[in-house]
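Colleague: Pasting a predicted model and its sequence here:
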Amino acid sequence: MPLPTLAAAPYFDGNAEELLTFFSIVDQLLAKAGITDKASIKFAVRCTDPDEAELWRDILEYDRNDFEDFTNAVLQFYPG
């Protein structure tokens, strides 16, 4: 699994059209590595633009342990 700061790591820059692909890649990477949902949430947030990361940390699902619930909550911020 690539570190969030490496070029090979997935990265979300705020482009809503890329969000589903981003979450799919993160989910696949972390599932293969056997990473927990909570760690998956933190990894996804670390792989985003700083403004996006701030927004994502403020949602209730950030502090829960369900990656699917977290991704669904984040998707509510991006119409389309």
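Modeller: The structure has been received and is ready for your questions.
Colleague: Now do the helices in the protein.
Modeller: Read by DSSP state H, the chain holds these helices, from start to end of the chain: 19-33, 37-46, 50-57, 67-75.
Colleague: ok, and the closest non-adjacent residue to Thr71?
Modeller: Distance criterion C-beta to C-beta, 6 or more residues apart in numbering; nearest residue to Thr71, sequence neighbours excluded, is Phe23 at 4.8 Å. To be clear about C-beta, it is placed using only N, CA and C from the backbone, and glycine gets the same treatment.
Colleague: So what's the residue count around the one you found?
Modeller: Burial measure for Phe23: 21 neighbouring residues, criterion other C-beta atoms under 10 Å.
Colleague: what's the answer for Tyr11, then?
Modeller: Burial of Tyr11, expressed as a neighbour count using other C-beta under 10 Å, amounts to 16.
Colleague: Tyr11 is nearest to which of the helices of the chain?
Modeller: Tyr11 lies closest to helix 19-33 among these, at 7.6 Å (C-beta to C-beta).
Colleague: Check the spacing between Asp51 and Ala8 real quick.
Modeller: Note on Asp51: its distance to Ala8, by C-beta to C-beta, to the nearest Å, is 23 Å.
Colleague: List the contacts of the residue nearest to Asp37 when sequence neighbours are not counted.
Modeller: Closest residue to Asp37 apart from its sequence neighbours, by C-beta to C-beta, 6+ apart: Phe67 at 4.2 Å. Taking C-beta atoms under 8 Å, 6 or more residues apart in numbering, we find Phe67 in contact with Asp27, Leu30, Asp37, Ser40, Ile41, Ala44.
Colleague: with those in mind, which one is nearest to Gly14?
Modeller: Ranking the contacts of Phe67 by separation from Gly14, with C-beta to C-beta as the measure, puts Ala44 on top at 13.7 Å.
Colleague: Was I right to think that closest one contacts Leu19?
Modeller: No. The criterion here is C-beta atoms under 8 Å, and Ala44 misses it with Leu19 at 10.4 Å.
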